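In: A structural model of the following input is requested.
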Amino acid sequence: MLTDYHVHIYETGGFDPNYLRRYAERAAELGIEEWGLSEHAYFFAETRGIVEEPWAEARRRLRMEEYVALVDAARAEGIPLKFGIEMDYVPGKEERIARFLESYPFDYVIGSVHWIGSWGIDLKEFRHEYERRDIREVYRAYFDQIISMAEAHLVDIVGHIDLVKIFGYRPADPKFLDELYEEVAEAVARGGLVVEISTAGLRKPVGEIYPARPLLEKLHARGVPIVLSSDAHEPENLGYAYDQALALAREVGYREVVAFRGRRREVFPLG
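Out: Next up, the predicted model:
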């Protein structure tokens with residue numbers, strides 16, 4: 001079984017059924033049996049009041065009924081598409097997040113952290129903030145939110161768990177990072193979450209899969225399951241560099257992958 005649950009369509013092609021078919025063709029070409037859309041929740045009017053940063057607000061132009069209609073139409077055509085969402089975790093907004101997620105029949109929910117306060121950590125226009133801040137404090141603040149998200153029991157999958165490394169900035173102290181990884185892995189395991197092995201980082205300045213191998217090893221040691229994801233924003237990136245993702249997963253010790261239906265897990269041999 002191969003999966004690709006972290007897939008976006010709207011930003012590059014809108015909710016165009018013909019554009020969606022190109023993703024389906026790519027999945028079939030690569031033998032990816034389980035794939036689904038996970039549009040950013042902040043695109044939708046129904047999430048107003050969760051992510052309130054002006055950058056996100058300017059992109060909130062959709063309604064969920066449009067998204068649901070696209071998925072329903074694809075399934076009616078026989079496209080085996082899963083219905084997901086990428087939900088930004090924002091501390092203090094847990095009740096709003098829960099109400100939104102409970103309102104729709106998602107197959108899975110990816111929880112991600114993109115913001116430390118009002119700082120969009122993966123946005124190139126805000127990259128300069130890494131030069132202005134203490135990197136240890138940045139990592140601590142970022143992973144504290146990952147830990148809080150795990151403790152909140154709102155989502156199914158942790159998206160790009162170490163996204164904070166996107167521009168290649170890392171704490172100089174390896175002991176600090178090792179201890180932080182231990183804490184994060186323990187929280188994710190306690191929270192019963194799945195972690196994606198995401199090849200998106202290979203297309204970013206860091207040039208590395210999410211998560212870093214030392215973190216993935218700690219997650220595996222605690223029994224945290226995986227899905228494979230590409231974070232594709234165009235059809236050609238679906239299943240991107242899966243040879244590297246599969247090699248890493250197997251080297252660390254993974255032999256199974258999780259699939260989702262109606263937010264319930266099934267376990268399959270890793271493809």
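In: residue nearest the centroid of the chain?
Out: In the chain, the C-alpha nearest the mean C-alpha coordinate belongs to G159, at 2.5 Å (CA atoms, centre = their mean).
In: so that one makes contact with I110?
Out: Yes: between G159 and I110 a contact is recorded at 4.3 Å, counting by CB atoms under 8 Å. All C-beta atoms are positioned from the backbone trio N, CA, C, and that covers glycine.
In: any common contacting residues for these two?
Out: Common neighbours of G159 and I110 (criterion: CB atoms under 8 Å, 6 or more residues apart in numbering): 6, 86, 196.
In: could those go into JSON lines alongside pLDDT?
Out: Below are the shared contacts of G159 and I110 laid out as JSON lines (pLDDT from 0 to 100):
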{"residue": "H6", "pLDDT": "98"}
{"residue": "E86", "pLDDT": "98"}
{"residue": "E196", "pLDDT": "98"}
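In: for I79, state which of the residues you listed is nearest.
Out: H6 (17.6 Å; CB to CB).
In: how about the closest one, what does it touch?
Out: Residues in contact with H6 (CB under 8 Å, 6+ apart) are 38, 86, 110, 159-160, 196, 198, 200, 229-232.
In: and V224, what is it in contact with?
Out: The contact partners of V224, by CB under 8 Å, 6+ apart, come to 185, 188-189, 193-195.
In: between those, which is closest to R48?
Out: L193 (26.2 Å).
In: pLDDT score for the closest one?
Out: For L193, the pLDDT comes out at 98.
In: and V68, what helix or strand is that in?
Out: helix 64-76 (DSSP states H and E).
In: so what strands line up beside whichever helix or strand comes after that helix?
Out: Next along the chain after helix 64-76, taking DSSP H and E as the criterion, comes strand 81-88. Partner strands for strand 81-88, per DSSP bridges, with pairing direction: strand 34-40 (parallel), strand 108-112 (parallel).
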